[in-house]
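Asks: Predicted structure and sequence below. I'll ask about it afterward.
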Amino acid sequence: MSAQAAKAIKSPARRKRKGMRADYGQPADGWFKKLDGGPSEIANLLRRLVRQTGPDLVEALKWGMPTYTQNDVVCAIAAYKSHVTLYFHRGVELSDPGKRLEGTASCMRGLKVRAKEDIESKQIQDWIREAMKVDSGLK
């Protein structure tokens, strides 16, 4: 047996799946601390809303952003220079009479927030609750 094969056998838990980010599954606190400027305040307000609305959702970094899961991904927060987006994994299934959720993917939709004054807490919490029902198969 080669030395490389023996090393792989000794530490299978340390092997990563090919293409997996090093921060995958890590706590999201550091991600929020690294933000600065307007996106930081908006992202933290959205985080508070998600945690208040879905206290049992599991928060962890996936795909480089804080992701909130129940059975599967419910939502995620992504920060950009000019806005923060609250993504809903199965957003296409959510009610959106005002057409505020954006996206062209087959299932994901996102709410772009450019200023903290644009945060409509009640509507966002309604979407989070609805997304949790969709994830649970209750809708």
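Replies: Structure received.

Asks: CA atoms only for stretch 43-54, dumped as CSV, please.
Replies: This file holds the C-alpha atoms of stretch 43-54, laid out as CSV (Å, rounded to 0.1, in the frame of the first residue of the first chain):
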residue,chain,number,x,y,z
ALA,A,43,-28.2,41.5,6.8
ASN,A,44,-28.4,41.5,10.6
LEU,A,45,-32.0,42.8,10.5
LEU,A,46,-33.0,40.0,8.2
ARG,A,47,-31.1,37.5,10.3
ARG,A,48,-33.1,38.6,13.4
LEU,A,49,-36.4,38.3,11.4
VAL,A,50,-35.5,34.7,10.3
ARG,A,51,-34.5,33.7,13.8
GLN,A,52,-37.6,35.2,15.4
THR,A,53,-39.9,33.6,12.9
GLY,A,54,-38.2,30.2,12.7
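
Asks: Need the contact partners of that stretch.
Replies: Contacts with stretch 43-54, where a contact means CB atoms under 8 Å, 6 or more residues apart in numbering, come from 28, 32, 35, 57, 59, 66, 68, 70, 74-75, 77, 79, 84, 86, 113, 116, 119, 121, 124-125, 128-129, 132. C-beta here means a position set from N, CA and C on the backbone, and glycine is covered the same way.

Asks: do that again at 7 Å, thanks
Replies: By CB atoms under 7 Å, 6 or more residues apart in numbering, the surrounding residues in contact with stretch 43-54 are 32, 35, 57, 66, 68, 74-75, 77, 79, 84, 86, 113, 116, 119, 121, 124-125, 128-129, 132.

Asks: Which ones among those residues map onto strands?
Replies: Pro66, Tyr68, Val74, Cys75, Ile77, Ala79, Val84, Leu86, Val113 (DSSP state E).

Asks: Identify the residues contacting the second one.
Replies: By CB under 7 Å, 6+ apart, the residues touching Tyr68 are Val50, Gly54, Leu57, Val58, Glu59, Val74, Cys75, Ala76.
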